[in-house]
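**Q** kindly generate the corresponding structure for this input.
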Amino acid sequence: MSLAATYAPYFLDRHIRLLRNLEVRSGLVRSLDHLPSEVRLEELRGARSGLTRPELAVLQAKAKILVRQELLDSTLPDTPALDLVAQHYFPPAVRERFAGRISAHPLVREIIATRLANELVNRLGPGFVFRLEEQTGVTSADAARAYAAAAVLFGLDGLWAALDRRGDAMEAAAELAGRRAAREFHELASEWLLRHARGRAGTTAVTERLRGPAADLAASFGVTGAGAGGDLTGTISGLGALGTALDLLVASPVPAPAAVEDAAAVHVVLGRWLGLAGLHGRLVDVAADSHWTLAAKAALRARLTELWATLDWLVLAAARADAPISPGTREPTSTGGDAHAYLADGPRVLTSRWLVQRAEAVGPFTAVLAELAGEPPSGEPRPRSARRAGFQPTDLRVGTGPLDVAAATVAIRELRLLVERVQFTDSGLGPHVRNR
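**A** Numbers count the residues shown, from 1 in each chain. Down below sits the predicted model:
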């Protein structure tokens, strides 16, 4: 509740849409529940303010009731794996003596649905399920499955438990910032999963396939679940960067040219030298953003991270292709001596070599970022003098402050063109036509 109240101005548009949704689906009546009218909501928007704690408390309670009922109306509470949710509802002594009877309890479905609804809303806010329904067209049960799968893949239950256990020892502002980071990443990971799998079978399959790689990827950014004695601060600080790298799990070629940890290392370097991390950082939500602006920024961030991950794997694929072949082997592989040989130079050297060799292809994109950083236009729409000028990879400035959606759209379009340019064959065929 403190998190929702603290960031209420930023969440106002979300809360407005949730309020309207609850009116339609749960029978909420604003006048009876002392919630603001449409006129009052527009006044709050103009003042860049948000709902009050009592108003947020009503939204939270109504959302829990609705999510609980929708989970009960689904088959989710009948999932055998969720029996553990019901078990933990009872004290340890009862669980030890009557575990079998708990599973057969006449209200076991209600217990599971209630606990899941409470956890979802308490951790990710009253509008989490509704937003996933809007963004991906899924049911409440699918949203709950994605939430649970994200927790398993990235060790988020341990993070939430650590925040609950150790939050009182943190300064209030630090705890709220940590909980907001955890909430934003958990929601992002849930939405990302729903773009790749849904339903009971799909969610189970993707969780099993990605469990190992996801843990390795998270560890690459210091996200370890922050269990007992873990580095809570380090885990929280790594969530943002991990959120930009999720597509590494699904964007790799087959066979992958390297392990996902190697791709994560390239991801960090490429993010700095191509300005991708800075560009992503400027696509932040601000209090005055409308629903459509928020949706546009979310779509742009998703597209940016997809292209970023594609470039990461292209760097490693190029390194693999350029690696010398040892006698007795047909080609370099992602395991064994040859793999160690072509990865031994490290991500900075591999990325630098790749950028220098493709300086002309990279030039138009960096020119756009230079303008976004406030530099005057070069006068050349497609500068191609980078190689002749002695191009050297370095941290790329992209400016500061929230970025206009129109400018960001152009920058990410240029990034897409860059991804296509670096995949052209020597005969001049682009990636979409060369195999046709």
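**Q** only C-alpha atoms from now on, for both contacts and neighbour counts.
**A** Noted.
**Q** quick one: residue 218 and residue 143, what's the gap?
**A** From residue 218 across to residue 143, the span is 22 Å (CA to CA, to the nearest Å).
**Q** do the same with residue 119
**A** Using CA to CA, residue 119 is found at 13 Å from residue 143.
**Q** the more surrounded of these two?
**A** Shown here are residue 119 and residue 143; by other CA atoms under 10 Å, residue 143 has more neighbours (27 against 13).
**Q** list the contacts of whichever strand or helix holds the more buried one.
**A** According to DSSP states H and E, residue 143 maps onto helix 140-154. Applying CA atoms under 8 Å, 6 or more residues apart in numbering, the contact partners of helix 140-154 are 67, 70-71, 74, 76, 116, 120, 129-130, 132-133, 156-157, 186-187, 189-191, 193-194, 198-200, 203-204, 207, 210-211, 214-215, 218, 223-225.
**Q** swap in stretch 283-290?
**A** 9-13, 45, 48, 294, 297, 300-301, 402-403, 405, 408.
**Q** measure the closest residue to residue 13 other than its chain neighbours to residue 51 for me?
**A** Distance criterion CA to CA, 6 or more residues apart in numbering; nearest residue to residue 13, sequence neighbours excluded, is residue 291 at 5.9 Å. Distance, residue 291 to residue 51, by CA to CA: 16 Å.
**Q** likewise for residue 276?
**A** Here the criterion is CA to CA. By it, residue 276 lies 35 Å from residue 51.
**Q** what about these two, which has more around it?
**A** Between residue 276 and residue 51, residue 276 has the larger neighbour count (other CA under 10 Å), namely 26 against 22.
**Q** could you list the low-confidence segments of the stretch 251-400 of the chain?
**A** The model of the stretch 251-400 of the chain has pLDDT under 70 over residues 323-340, 378-392.
**Q** just for the stretch 101-250 of the chain, where's the confidence low?
**A** With pLDDT under 70 as the threshold, the stretch 101-250 of the chain has low-confidence stretches at 225-230.
**Q** what about the helices in the stretch 251-400 of the chain?
**A** 260-273, 276-282, 291-322, 337-343, 346-357, 359-372 (DSSP state H, counting those that start in this stretch).
**Q** that should have said the stretch 51-200 of the chain, apologies.
**A** Assigned helices in the stretch 51-200 of the chain, in chain order: 53-72, 83-87, 92-103, 108-124, 128-136, 140-154, 156-166, 172-194, 199-220 (criterion: DSSP H, counting those that start in this stretch).
**Q** contacts for the last one next, please.
**A** If I follow you right, that is helix 199-220. Here helix 199-220 makes contact (CA under 8 Å, 6+ apart) with 142, 145-146, 149, 152-155, 193, 197, 224, 242, 249, 260-261, 264-265.
**Q** for residue 412, give me its contacts.
**A** Contact partners of residue 412, counting by CA under 8 Å, 6+ apart, are 300, 303-304.
**Q** no further questions, thank you.
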